[in-house]
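1. Sequence plus predicted model, see below.
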Amino acid sequence: MYKKYLVIAKGPWILKGIDLAARRGAVTAIVGLSGCGKSTLALALNGAIPQRIPGVTEGRVMIDGMDTRRVSMAKLALKVGLVFQEPDNQLFLPTVEDEVAFGPENLCLPPQEIEDIVKRTLRILEIEKLKDKNPAELSGGEKHLVALAAVLSLDPEIIVVDEPTAELDDENTRLVLGALERLKNEGKTVIIVEHNFNNLTFADSILLMAEGRIVERIEGVRANELLSGKFDELLASQIK
Ligand SMILES: Nc1ncnc2c1ncn2[C@@H]1O[C@H](COP(=O)(O)OP(=O)(O)OP(=O)(O)O)[C@@H](O)[C@H]1O
Ligand SMILES: [Mg+2]
C-alpha cells in the first residue's frame, strides 16, 4: 500500500492539494483534460519530479514507506515503474534488447537470467520481432511498447503508464491493455493515465482531475455507469 500527499509548483502551482492513496493490486485510472496535471502527477510517482525535473514541491509522495524525494530513483524503480507519455525520453540504447536488459543488468543478475527476462518480457508484449531494432527508429506505438517492456523487466509492483495507447493502433492497444489487465490479475498495482474511457473497463477506480486537483473519485460500479456515456458529460463540464 502506498500513499501520497503532494503539491508541486513551478511558477503557478501545477498540482494543488492532492491527497490520495492508491489501492495495492488495483487499477487506478487518472483522466482529465489536457494540461490538468496528469503527467505531472505520474512523474511525481517515481521520483522524476523533483529528482530529475526540478520544481518547487510541498508535501510528499510515499511509495510503500519510501519518500520519493529521498530514496534514489534506481531504488524506487524496483518498486514503481513509469512509462512516460513521451517514451523517447526514456529510450537511449542502440537496440530494443539492450533497453529491456538495462534494468536487470544494473542489478548485476547472471547473464542467463537477464536473457530469460528479456525473452519473457518481449513475449508478454508480443514484440520479439523488434529485439534487434534501434528504438529511435520505431514508431511511436512501438516505442511505448518497448518502454513498457523496459519497465516490466524489473518486475516492479507498481506500474504507472501515461497515455500508453495514445499512439497505438487497435491491435497494439489491445496488446497493451491486455498486458496491463494480466498484470493486474497477477496482483500488480496499475496506475494508468488514459484519454479514452473505453480503454478503462478494467479500472477499479477512476480519478478525474481538473486544474491540478482531483475533483472526482469514482469507484467500481459508478465507473461502469460512466462508461455508458456519462463520462463525456463529466469532462465537458470541466471545459469553461
Ligand atoms: N517542466 C515543466 N515546467 C513548467 N510547467 C510545466 C512543465 N511541464 C508541464 N508544465 C505545465 O503543467 C501543467 C500540467 O501539465 P501536464 O503535462 O501534467 O498535463 P497533462 O494533464 O498530462 O496534459 P496532457 O493530457 O496534454 O498530457 C500544464 O499547464 C503544463 O504547461
Ligand atoms: Mg500528459
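-> Received, thanks. Ligands and ions are numbered 1, 2, ... in the order given.
2. Tell me which stretches of the protein form helices.
-> Here the chain has its helices, by DSSP state H, at 38-45, 48-51, 73-76, 96-106, 111-124, 140-152, 170-185, 220-225, 231-236.
3. Residue for residue, what is the longest strand the chain has?
-> For the chain, the longest strand by residue count, based on DSSP state E, is strand 13-22.
4. Report the angle between it and helix 38-45.
-> Strand 13-22 and helix 38-45 are oriented at 60 degrees to each other (axes from the mean of the first three to the mean of the last three CA atoms, to 10 degrees).
5. elements contacting strand 13-22?
-> When contacts are defined as 3 or more CB pairs under 8 Å, 6 or more residues apart in numbering; DSSP states H and E, strand 13-22 packs onto strand 2-9, helix 38-45, strand 213-219. For every residue, glycine as well, the C-beta is placed using N, CA and C.
6. need the helices of the chain in JSON lines with mean neighbour count and mean pLDDT, can you?
-> Shown next, in JSON lines, are the helices of the chain (neighbours: other CB atoms under 10 Å; pLDDT from 0 to 100):
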{"stretch": "helix 38-45", "mean neighbour count": "24", "mean pLDDT": "95"}
{"stretch": "helix 48-51", "mean neighbour count": "19", "mean pLDDT": "92"}
{"stretch": "helix 73-76", "mean neighbour count": "15", "mean pLDDT": "93"}
{"stretch": "helix 96-106", "mean neighbour count": "21", "mean pLDDT": "96"}
{"stretch": "helix 111-124", "mean neighbour count": "16", "mean pLDDT": "95"}
{"stretch": "helix 140-152", "mean neighbour count": "24", "mean pLDDT": "92"}
{"stretch": "helix 170-185", "mean neighbour count": "17", "mean pLDDT": "88"}
{"stretch": "helix 220-225", "mean neighbour count": "13", "mean pLDDT": "64"}
{"stretch": "helix 231-236", "mean neighbour count": "14", "mean pLDDT": "67"}
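7. Of all those helices, which one comes closest to ligand 2?
-> Minimum separation from ligand 2 across the helices of the chain (CB to the ion) falls at helix 38-45, 3.1 Å.
8. and the angle from that closest one to strand 213-219?
-> Calculated by the same axes, to 10 degrees, helix 38-45 forms an angle of 80 degrees with strand 213-219.
9. is any part of helix 38-45 close to ligand 1?
-> Yes - for helix 38-45, a contact with ligand 1 is found by CB under 6 Å from any ligand atom, at 38, 39, 40.
10. what does this protein put close to ligand 1?
-> By CB under 6 Å from any ligand atom, the residues of the chain that approach ligand 1 are 10, 14, 32, 34, 35, 36, 37, 38, 39, 40, 53, 85.
11. Identify the residues contacting the closest residue to residue 180 other than its chain neighbours.
-> If the residues on either side of it in the chain are set aside, residue 180 comes closest to residue 190, at 5.5 Å by CB to CB, 6 or more residues apart in numbering. Applying CB atoms under 8 Å, 6 or more residues apart in numbering, we find residue 190 in contact with 26, 27, 28, 158, 159, 160, 161, 180, 183, 184.
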